[in-house]
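*Asks:* sequence? don't have it. structure:
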C-alpha cells in the first residue's frame with residue numbers, strides 16, 4: 001500500500017536568488033515488503049523486519065517432557081541500490097537467540113553487493129548462502145515447517161564469504177537454464193580463527209523446463225495455474241576446512257580436513273500443490289584427525305562423512321489453510337565419527353506433519369508442526385517427538 005510522498009524543502013544558494021529543488025523520494029510500504037525510500041537511479045533503501053515467536057515441547061523417549069517459549073528469530077534487513085539500479089546491496093542482522101549459533105560474535109547474517117551486469121552474468125560479493133542446493137537456500141521466513149529437516153542442517157552448505165557469478169536465464173530471457181559458480185573462504189560465518197590456507201569452490205546447474213517461478217519459497221500460495229518444475233544439481237569441494245560440518249558446526253582442534261559435496265534437488269508446484277525432494281552427499285578426505293590435546297595426551301577427532309535425503313509435499317486450500325508432510329533420512333558413513341554413526345542409526349529417520357494458516361502469505365502466518373525422529377521403520381513409540389507452534393510476522 002502506497003504512502004504519501006515526503007517533500008524535501010528546496011535549499012537556497014547564498015550566491016544566487018534562484019533555488020534548486022531536490023527530487024522528493026517515493027515512499028512505499030506493504031506487509032512483508034517493508035518501507036522503501038526510492039530516490040531514483042542514484043539510491044534506494046528498503047527497511048524490513050521479521051519476528052518469530054515459538055513454543056516447543058520436546059518428548060524424548062523414556063524421559064520427562066521439556067518445553068521452551070521464546071522469540072527465537074528477530075531480524076532486520078536493509079536493502080536497495082546505490083549509484084544505479086543494477087548495483088544492489090543487502091545487509092541482514094540477526095538479533096534472536098536462535099540466530100546466535102556456535103558462539104556467534106556478530107549479528108551479521110547477510111552482507112553483500114550484487115551487480116546485475118548482464119542477463120547472463122550477475123556478480124555477488126560478500127557474505128551469503130553458498131549456492132549449492134535448493135532447500136537450504138530457501139529463505140527462513142518462507143518455510144512451511146518451523147525447522148528444516150535434519151539432513152539439510154547437517155549436510156547442506158550454509159552462509160560463507162566469497163564471490164559468485166550467476167544467472168537464472170542463461171542465453172535468453174525465457175531460457176530454462178540457470179547456473180551459479182562461486183569461490184568462498186570455506187570457514188562459514190563467525191569464524192575468524194586462522195587456519196591452513198584453503199577455499200570452498202562450488203558450481204550449480206538449474207533447469208526450469210516450464211519457465212521461471214518462485215522455487216525459492218515453500219508452498220504454492222499463488223495456486224500456480226500451470227505446472228512448474230525446477231531441477232538442480234550442485235557440487236562443491238571445501239579444502240582445509242576447520243568446521244566439523246564443512247561450513248558449520250564446532251571447529252576441529254587437531255587440524256583441518258577436505259570435504260567433497262554433491263546435491264540433487266527438485267521442486268514442483270501446481271494449483272496449490274507443492275512438492276520438493278533433495279539428496280545430499282558429503283565425503284571427508286580422512287576418517288579422523290589425530291594429534292595431541294592441550295594436556296599432552298594423544299587425541300582423535302572423527303570427521304562427518306554421510307548422506308541423506310528429504311521429501312516434502314503440501315496442499316494449500318483456498319481458506320488458506322495448508323497441510324504438509326515430510327519424510328527424511330540421514331545416514332553416516334561407516335568410517336565417520338563414532339558419535340555421528342550412533343546418532344544417525346538411532347535417530348536418523350525423520351517424519352513430520354504440519355498445519356499452517358496464512359493470514360497474509362509468508363508475511364503473516366501461524367504454523368504448527370509435529371516431528372518424530374527414530375531409527376529406520378515406523379516404531380513411533382521408540383522415537384523422540386517434538387511439537388511446535390510458531391507465529392511468524394514479516395513487516
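*Replies:* Alright, I've got the coordinates. From a predicted model like this one, the values you see are computed outputs, not experimental measurements.
*Asks:* From here on, just use CA atoms for contacts and neighbour counts.
*Replies:* Will do.
*Asks:* From residue 126, how far out is residue 240?
*Replies:* 21 Å (Cα to Cα, to the nearest Å).
*Asks:* you'd agree residue 293 is up against residue 252?
*Replies:* No - if you go by Cα atoms under 8 Å, residue 293 and residue 252 don't touch, sitting 11.3 Å apart.
*Asks:* out of those two, which sits in the busier spot?
*Replies:* residue 252 (17 against 12; other Cα atoms under 10 Å).
*Asks:* For the closest residue to the more buried one other than its chain neighbours, grab the count of nearby residues.
*Replies:* Spatial nearest neighbour of residue 252, chain neighbours left out: residue 242 (5.3 Å); criterion: Cα to Cα, 6 or more residues apart in numbering. By other Cα under 10 Å, 29 other residues sit near residue 242.
*Asks:* ok, residue 242 - contacts?
*Replies:* 187, 195, 251, 252, 253, 255, 256, 257 (Cα atoms under 8 Å, 6 or more residues apart in numbering).
*Asks:* and what of residue 176?
*Replies:* 168, 169, 170, 206, 207, 208, 209, 210, 211, 212.
*Asks:* so is the third one in a helix, a strand, or just coil?
*Replies:* Meaning residue 170. coil (DSSP: H, G, I helix; E, B strand; the rest coil).
*Asks:* Distance of it relative to residue 178?
*Replies:* 6 Å.
*Asks:* give me the element residue 137 is part of.
*Replies:* Assigned by DSSP states H and E, residue 137 belongs to no helix or strand.
*Asks:* What's opposite the closest residue to it other than its chain neighbours in the beta bridge?
*Replies:* Closest residue to residue 137 apart from its sequence neighbours, by Cα to Cα, 6+ apart: residue 129 at 6.2 Å. Listed by DSSP bridges, the beta-bridge partners for residue 129 are residue 159.
*Asks:* is it true that residue 129 touches residue 162?
*Replies:* No - Residue 129 sits out of contact with residue 162 when judged by Cα under 8 Å, with a separation of 9.9 Å.
*Asks:* Okay, strands next: where are they in the stretch 251-395 of the chain?
*Replies:* Ranges of strands in the stretch 251-395 of the chain, per DSSP state E, counting those that start in this stretch, are 257-270, 273-284, 288-292, 298-302, 306-316, 321-332, 349-358, 364-374, 384-394.
*Asks:* so how many other residues sit close to residue 381?
*Replies:* Neighbours around residue 381, by other Cα under 10 Å: 11.
*Asks:* Contacts only, for the residue at minimal distance from the centre of the chain.
*Replies:* Among the residues of the chain, the one closest to the centroid is residue 137, at 3.8 Å (Cα atoms, centre = their mean). By Cα under 8 Å, 6+ apart, the contact list for residue 137 reads 129, 130, 131, 216.
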